[in-house]
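Novice: What follows is a predicted protein model with its sequence.
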Amino acid sequence: MYTQINLEQTVLHKIRTGLFFGPYLRWSKLYKVRFENTDGDQVSVPEVRGNDGSTSAGVGFTIRWDERNSNMTPTQNHYMEFSLLAYPSLLGSSDPFTSYLLDARKYYDLRKDGNSVLAMQGVFRLTGGHPPFRDMSLIGGDMINRGYYEGRFRDRNAEQIQVELRQHAFGRFGFTLFAASGQVWNRFEEITLDGYKWTTGAGLRFNVNPGDPTNLRIDFGIGRHTSGFYLQFGEAF
């Protein structure tokens, strides 16, 4: 358990149609850290960086190439974002480090009518320096590798990929089938096929706004010895 304050801000300038660039600022403070087991009993503090709290103050930039036809329910084109953040001691970071994030997404309108969409995504995050454990790269959550709770697996670096078929059924209803895989590692030579975590699942969709399609999504993901249920507005990616 912990208490965290997290502030993030980007200011993007349009360079040309679909292409944006601008500064990226982030400040995060973690405190009141307590380690417990699944029964809620306090356990000994693990030897990890930031185990008694941390402050991360980062500055960097983001470049975004976005040609999707919708932010909430995309059916075609692509989205790509790269960001770099440096967390120097000069700005007040407890542990200086650098993070790099690449998020790439592609959408195929299989029938050219928006009713059958194949969506793919790859997310890659690398860190250098000495990131505290809450700022390490991780897999899982409600957007990718659904079925693993976010942060169950974390290390200095992470890669995740997923594919999803989105199919309109009738009226305002539709369904999805998805699968994903991901891995975390400290050094590149530690990447192995056995290290990948796999998830699969299915979901229901209900369009709450026919004039500007926005789906309520209900997803159930299954991983190895784990599962997750998700209820949210908008597609996972």
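Specialist: Great, that's in hand.

Novice: which intervals of this protein have sub-threshold pLDDT?
Specialist: For the chain, applying pLDDT under 70 flags the ranges 37-41, 45.

Novice: what about 80?
Specialist: Confidence mapping of the chain against pLDDT under 80 gives the ranges 1-2, 34-47, 50-51.

Novice: For the nearest residue to E36 once chain neighbours are set aside, the count of nearby residues, please.
Specialist: Excluding the flanking residues, the one nearest E36 by C-beta to C-beta, 6 or more residues apart in numbering is Q42, at 5.6 Å. Any C-beta I mention is one placed from the backbone N, CA and C, and that applies to glycine too. Here the count is done by other C-beta atoms under 10 Å, and Q42 has 10 residues near it.

Novice: What of F170?
Specialist: The number of residues packed around F170, counting by other C-beta under 10 Å, is 6.

Novice: Check G201 too.
Specialist: 22.

Novice: For it, give its distance to I218.
Specialist: 11 Å (C-beta to C-beta, to the nearest Å).

Novice: cool, N186 as well?
Specialist: N186 sits at a distance of 36 Å from I218 (criterion: C-beta to C-beta).

Novice: who's more crowded, the two?
Specialist: Between N186 and I218, counting by other C-beta under 10 Å, I218 is the more crowded of the two (16 against 11).

Novice: host element of the more buried one?
Specialist: strand 215-223 (DSSP states H and E).

Novice: for the helix or strand just after that strand, which positions count as buried?
Specialist: Scanning forward in sequence from strand 215-223 by DSSP H and E, the next helix or strand is strand 226-233. For strand 226-233, a neighbour-count test (16 or more other C-beta atoms under 10 Å) marks G228, Y230 as buried.

Novice: Adjacent strands (with direction) for strand 226-233?
Specialist: Strand 226-233 has its sheet partners listed here by DSSP bridges as strand 215-223 (antiparallel).

Novice: Please identify the buried residues of the partner strand?
Specialist: Neighbour-count burial for strand 215-223, with 16+ other C-beta under 10 Å as criterion, is recorded at N215, R217, I218, D219, G221, I222, G223.

Novice: With stretch 105-119 instead?
Specialist: Going through stretch 105-119 with 16+ other C-beta under 10 Å, the ones that come out buried are R105, K106, Y107, D109, G114, S116, V117, A119.

Novice: what's the closest non-adjacent residue to the last one?
Specialist: Which is A119. Computed as C-beta to C-beta, 6+ apart, the closest residue to A119 that is not its neighbour in sequence is E164, at 4.7 Å.

Novice: cool, K32 as well?
Specialist: Excluding the flanking residues, the one nearest K32 by C-beta to C-beta, 6+ apart is T3, at 4.4 Å.

Novice: re the thing from before, just the C-alphas of the strand holding I218, formatted as PDB.
Specialist: Backbone C-alpha positions of strand 215-223 (Å, rounded to 0.1, in the frame of the first residue of the first chain) are rendered in PDB as follows:
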ATOM      1  CA  ASN A 215     -18.500   2.200 -26.700                       C
ATOM      2  CA  LEU A 216     -19.000   1.000 -23.200                       C
ATOM      3  CA  ARG A 217     -16.600  -2.000 -23.000                       C
ATOM      4  CA  ILE A 218     -16.900  -5.100 -20.800                       C
ATOM      5  CA  ASP A 219     -13.800  -7.200 -21.100                       C
ATOM      6  CA  PHE A 220     -12.700 -10.400 -19.400                       C
ATOM      7  CA  GLY A 221      -9.000 -11.400 -19.800                       C
ATOM      8  CA  ILE A 222      -7.300 -14.600 -18.800                       C
ATOM      9  CA  GLY A 223      -3.600 -15.100 -18.100                       C
END
